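1. please work out how this folds:
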Amino acid sequence: MGPGPRPPESPTSPPPSSPPARRRLAVSTTIFALATGLSRIAGLGREVVQASFFGTSGAGSAFTLASQIPNLFSNLFSQAALGAAFVPIFTELLQAGRKREAFRLASALFWLILLVLGALTLVYIGVAGIVMPLFTGSKFTVAQTGLAVGLSRVLFPVVLLLSLTGLIVGILQSYDEFTIPALAPAVWNIVIVVLMVILHAQYHGRQDSVYAYAIAWLVATVVQFLMIAWALRRVEFQLSFVLDWRDPRVRQVLILFLPVTMSIGIINLDIFINAGLGALVSSHAPIAINDAFRLYMLPQGIFSVAVATVLFPALTRMASARNPGGMRRTLGNGIRQINLLLIPSAAVMAVLAVPIVRLVYQHGNFGPASTHRVSIALFWFAFSLPFAGVNLLLSRTFFALQRPWIPTKLAGMNIVVDIVVSLALYKPLGIAGLVLGTVSANVVMTWLQLRRLRIGFNGRLELAQTTMVTIRILLATVITTAAAWLVWKGISSVIGISLIAGVTAVGVALAVAGVLYSRLVLAMRIPEARQIETLILSRLPGR
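-> Residues are numbered from 1 along each chain as shown. Sure thing, here's the model as predicted:
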């Protein structure tokens, strides 16, 4: 496949990041993680409400399938893909002092997105009746298929809104403004919950009451866009009417955008494939997998998304300055931070899958059978968690180097692995087989990306140091997870599994695990644990 990325060694490369610069990155990461954590908790609240309304019913699965196509297009055109193509070039212009050109580029892209995706939205609304039946399968009734068609028409305009939002977020992140973009999804989730509760009551228990969810989703996306657009005042950005797709900078972004969007789109096909093949398992499987995926994304969003998002502009600046040494150190530190946080999260999620799902979802129409389905998916999703987190950071490193075709090719191989494993296992293993396809694909993708980056950085990626640290993390995780399970089991055997008992047992188990794990990794002298401890202590009053 040819050589990997080789950031040129420069005799005038800047020195390693100064302590104040590293501290700013650490503080930004912490703020982003906290804000993202708030949004993920709000998102979990949204899922709890929708689960109580729709359980793992056919109507709920119709919504899940209807949302997959808009979600796929949103991932292709919105924040992740557009930002990964736009931020390196926008940042490069700002670094060169060409602010007017940078703002002209952003304005031209804004109007181009509005016209192209506005037209795509109108076309999809017209052909949704042809497209959606291709995905519902024989397990869905005619009424459920028709419901999926109507829901997808309501939801598709979010593609345009999220794409414009993604461009604005890219502008803000280039100025190291992360707080509002991280908080906006929390507002989005809260608006959905409020509107869903209000609108659901108007349907009086009808099957099409799931339209309340779709309408709330669309309105909340409008609110989120307005909130992030308002944040542009913090960087004094002025939108001008510029529509020139032949501008060299616009064309440069579009050239980068193609492989980036293919790469991110292919990676996000995992959940799309799970939902589509889930319809072949049963009408309950798509929403069961979706509910498990939302729980799985809670630690993923809080930790790995925060690390990758905050480090991306820094990696971009280092690539622009031809500072491969700084990139290696930043990347290695990021991988170890992700492992430090996601490996124990994955282990605890796996061993406590059933009580976590019962506690979060088992209310209203979500009964024990639904808990069983979702907990199976969550158990297997947990094995994918650290690999997916590292993959996100590795892909962003390629994007920072403006070498997006490399992760695109690797993502294509990744999706083949996913499809082959899923098709081989969905019949004998059902839901578990589909999720194992995602796990296998993420493991393969991690290995392939590390291999290519190691070639590009002349074999120097701090992998030996990362391996030694990860072994210590695994040892601490085994001890912590065993303690968490014993605490949960002991409390549950005494007080039962009611809601209050579940909150108590799971809450105490997680608290014990958190305290024990933090003490173990600090005692093992893991540098990334010391970094987090120092940051927390430095933010306390009197420090």
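
2. wait, Met227 touches Pro185, no?
-> No: assessed by CB atoms under 8 Å, Met227 is found out of contact with Pro185, at 10.0 Å. All C-beta spots, glycine's among them, are computed from the backbone N, C-alpha and C.

3. between those two, which is the more surrounded one?
-> For Met227 versus Pro185, neighbours defined as other CB atoms under 10 Å are more numerous around Pro185 (21 against 18).

4. give me every residue that touches the more buried one.
-> Counting by CB atoms under 8 Å, 6 or more residues apart in numbering, Pro185 touches Thr36, Ser39, Ala42, Gly43, Gln224.

5. skip the chain neighbours and tell me the closest residue to the most centrally placed residue in the chain.
-> Compute the mean C-alpha point of the chain, and by CA atoms, centre = their mean the closest residue is Gly301, 5.4 Å away. Leaving aside its sequence neighbours, Gly301 sits nearest to Arg40 (CB to CB, 6 or more residues apart in numbering; 4.6 Å).

6. and for that neighbour, the neighbour number?
-> Arg40 has 22 neighbours, counted by other CB under 10 Å.

7. so who does it touch?
-> Met297, Leu298, Gly301, Ile302.

8. which residues of the stretch 101-250 of the chain fall in helices?
-> 133-136, 142-155, 158-174, 179-200, 211-230, 248-281 (DSSP state H, counting those that start in this stretch).

9. which element is the spatially closest residue to Leu298 that is not a sequence neighbour on?
-> Once flanking residues are discounted, Leu298 sits nearest to Arg40: 4.7 Å by CB to CB, 6+ apart. Of the helices and strands defined by DSSP states H and E, Arg40 is found in helix 19-54.

10. mind checking how far Gly60 is from Asp291?
-> Relative to Asp291, Gly60 is positioned 9 Å away (CB to CB, to the nearest Å).

11. let me redo that: Leu378
-> From Leu378 to Asp291 the distance is 8 Å (CB to CB).

12. of those two, which one has the most company?
-> Neighbour tally, Leu378 and Asp291, criterion other CB under 10 Å: the higher count belongs to Asp291, 29 against 26.

13. give me the number of residues near the residue nearest to Leu155 when sequence neighbours are not counted?
-> Closest residue to Leu155 apart from its sequence neighbours, by CB to CB, 6+ apart: Pro70 at 4.5 Å. When counting by other CB under 10 Å, one arrives at 25 neighbours for Pro70.

14. so what's the gap between the strand or helix carrying Pro70 and the chain middle?
-> Assigned by DSSP H and E, Pro70 belongs to helix 58-77. Distance of helix 58-77 from the chain centroid (CA atoms, centre = their mean, to the nearest Å) equals 15 Å.

15. show the average pLDDT along it.
-> If you average the pLDDT over helix 58-77, you get 74.

16. tell me what that helix is packed against?
-> Secondary-structure packing of helix 58-77 (3 or more CB pairs under 8 Å, 6 or more residues apart in numbering; DSSP states H and E): helix 19-54, helix 99-131, helix 133-136, helix 142-155, helix 158-174, helix 211-230, helix 248-281, helix 285-299.

17. of those, which approaches Met468 most closely?
-> Among those, helix 19-54 comes nearest to Met468, with 21.4 Å by CB to CB.

18. what mean pLDDT does that closest one get?
-> Per-region confidence: helix 19-54 scores 68 on mean pLDDT.

19. repeat for stretch 507-514
-> Computed over stretch 507-514, the average pLDDT equals 92.

20. and if you look at stretch 117-133?
-> In this model, stretch 117-133 has a mean pLDDT of 88.

21. identify each buried residue in it, please.
-> Along stretch 117-133, these residues count as buried under the neighbour rule (16 or more other CB atoms under 10 Å): Leu117, Leu120, Thr121, Tyr124, Ala128, Met132.

22. rewinding a little: dump the helices and strands packed on helix 58-77 to JSON lines, plus distance to Ser345.
-> Formatted as JSON lines, the helices and strands packed on helix 58-77 follow (distance: least, CB to CB, whole Å):
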{"stretch": "helix 19-54", "distance to Ser345": "12"}
{"stretch": "helix 99-131", "distance to Ser345": "35"}
{"stretch": "helix 133-136", "distance to Ser345": "32"}
{"stretch": "helix 142-155", "distance to Ser345": "30"}
{"stretch": "helix 158-174", "distance to Ser345": "25"}
{"stretch": "helix 211-230", "distance to Ser345": "26"}
{"stretch": "helix 248-281", "distance to Ser345": "19"}
{"stretch": "helix 285-299", "distance to Ser345": "4"}
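
23. out of those, which comes closest to Arg322?
-> Comparison of the helices and strands packed on helix 58-77 against Arg322 by CB to CB identifies helix 19-54 as nearest, at 17.2 Å.

24. Gly507 is in contact with Gln492, correct?
-> Check again: residue 492 is Ser, not Gln. No: Ser492 lies out of contact with Gly507 (CB under 8 Å); the separation is 11.9 Å.

25. for the stretch 351-500 of the chain, which spans come out with low pLDDT?
-> Judged by pLDDT under 70, the stretch 351-500 of the chain has its weakly predicted residues at 459.

26. contacts only, for Tyr211.
-> With CB under 8 Å, 6+ apart, Tyr211 has these contacts: Gly150, Leu151, Val154, Leu199, Tyr203.

27. how close does the spatially closest residue to the fourth one that is not a sequence neighbour get to Arg233?
-> Right, Leu199. Closest residue in space to Leu199, ignoring its immediate chain neighbours: Ala212 at 3.6 Å, by CB to CB, 6+ apart. Using CB to CB, Ala212 is found at 34 Å from Arg233.

28. returning to that earlier point: tell me which of Ser492 and Gly507 has more neighbours.
-> Between Ser492 and Gly507, counted using other CB under 10 Å, the more crowded position is Ser492 (17 against 13).

29. skip ahead from the helix or strand encompassing the more buried one and say which helix or strand is next.
-> According to DSSP H and E, Ser492 maps onto helix 463-495. Downstream of helix 463-495, the first helix or strand assigned by DSSP H and E is helix 499-523.

30. thinking again about what came up before, closest to Ala501 out of the helices and strands packed on helix 58-77?
-> helix 19-54 (17.7 Å).

31. neighbours of Phe241, how many?
-> Neighbours of Phe241 (other CB under 10 Å): 8.

32. in contact with it, which residues?
-> Applying CB under 8 Å, 6+ apart to Phe241 gives the contacts Ser107, Trp111.

33. quick one: pLDDT of it?
-> As predicted, Phe241 sits at a pLDDT of 85.

34. thinking again about what came up before, of Ala212 and Arg233, who's got more company?
-> Shown here are Ala212 and Arg233; by other CB under 10 Å, Ala212 has more neighbours (21 against 8).

35. residue contacts, Arg153?
-> Tyr124, Ile125, Ala128.

36. go again using 10 Å as the cut-off
-> Residues counted as contacts of Arg153 (CB atoms under 10 Å, 6 or more residues apart in numbering) are Ala66, Pro70, Thr121, Tyr124, Ile125, Gly126, Ala128, Gly129, Met132, Ala214.

37. kindly report the same for Pro313.
-> Applying CB under 10 Å, 6+ apart, the residues contacting Pro313 are 25, 28, 83, 87-88, 90-91, 170, 173-176, 178, 396, 400.

38. how near is it to Thr136?
-> Remark: distance between Pro313 and Thr136 (CB to CB) = 41 Å.

39. repeat for Tyr124
-> 16 Å.

40. was I right about Leu44 contacting Leu295?
-> Yes: proximity of Leu44 to Leu295 meets the contact threshold set by CB atoms under 10 Å, at 7.2 Å.
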